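**Student:** Build me a structure from this.
(one chain, ligands or ions: 1)
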Amino acid sequence: MYPASLQALIDSFRRLPGVGARTAERYALSVSEMTPPEIEAFAASLFAVKDRLHKCRICGNLSDEEECPVCRDKSRSQGQIFVVQSAKDVIAMEKTGEYHGVYHVLNGLISSSKGVMPEDLNIDSLLERAKRSEEVILATSATMDGETTALYLDRLLKKECPDVLVTRIAHGIPAGGMLDYADEITLSHALSDRKKM
Ligand SMILES: [Zn+2]
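**Tutor:** Residues are numbered from 1 along each chain as shown. As a prediction, the model looks like this:
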């Protein structure tokens, strides 16, 4: 039995993805050994992500500013839009250093099982941006929901912006695989081997 205060911290850590009972205990014990300034900085960082972090007004990526660093970077090609389901995928792709266009974060996938409809996603602003670009690269995962979303967007883009090239990244990524779990080489290939839809 842990003291209630320690147990509460263990329970908080257990809510994080991939953290089991033993890891949560180790984290909580480690926090309990921090100095007061360390604890203060740790707690402040938790509040800061909630207070400061929000969605980029252009692409939906996570940012402390109104516009994310990618959208603010004028050297990035505005003619290429890489469409992903979450901000984690932007981070994964940026690590490859191979992509020089901009992103669009959908914030989810169309899913009949989870009841997520197209209007629940960040799609309207994608259409507006696509009209001013040359290529839209659909990089949703190779899961059923990922494919459904890609097909939906392909149809919509061909209807609303017929001059825009729509491509789909190659899935050397294992079926059902998520972008953020793929390594950087796999991701670079997924980009360079993309196919016209
Ligand atoms: Zn942005």
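**Student:** In contact with the residue lying closest to Leu62 once chain neighbours are set aside, which residues?
**Tutor:** Using CB to CB, 6 or more residues apart in numbering and skipping the chain neighbours, the partner closest in space to Leu62 is Ala87 (4.3 Å). Glycine gets a C-beta too; all of them are placed from N, C-alpha and C. By CB atoms under 8 Å, 6 or more residues apart in numbering, the contact list for Ala87 reads Gly60, Asn61, Leu62, Val105.
**Student:** Show me what the lowest-mean-pLDDT helix or strand in the chain is packed against.
**Tutor:** Of all helical and strand segments in the chain, the minimum by mean pLDDT, DSSP states H and E falls on helix 184-192, at a mean of 80. Helix 184-192 sits against helix 87-96, with contacts defined as 3 or more CB pairs under 8 Å, 6 or more residues apart in numbering; DSSP states H and E.
**Student:** pLDDT of the helix it packs on, averaged?
**Tutor:** For helix 87-96, mean pLDDT rounds to 91.
**Student:** Report the distance from that helix to the chain centre.
**Tutor:** Between the centre of helix 87-96 and the centre of its chain there are 7 Å (CA atoms, centre = their mean, to the nearest Å).
**Student:** who's in contact with the following helix or strand past that helix?
**Tutor:** Later in the chain than helix 87-96, the nearest helix or strand by DSSP states H and E is strand 101-105. For strand 101-105, contacts defined as CB under 8 Å, 6+ apart pick out 55-56, 58-61, 70-71, 76-87, 89-90, 93, 122, 125-126, 129, 135, 137.
**Student:** Just the buried residues of the residues you listed.
**Tutor:** Neighbour counting by 16 or more other CB atoms under 10 Å classes 55-56, 58-61, 70-71, 76, 80-87, 89-90, 93, 126, 129, 135, 137 among these as buried.
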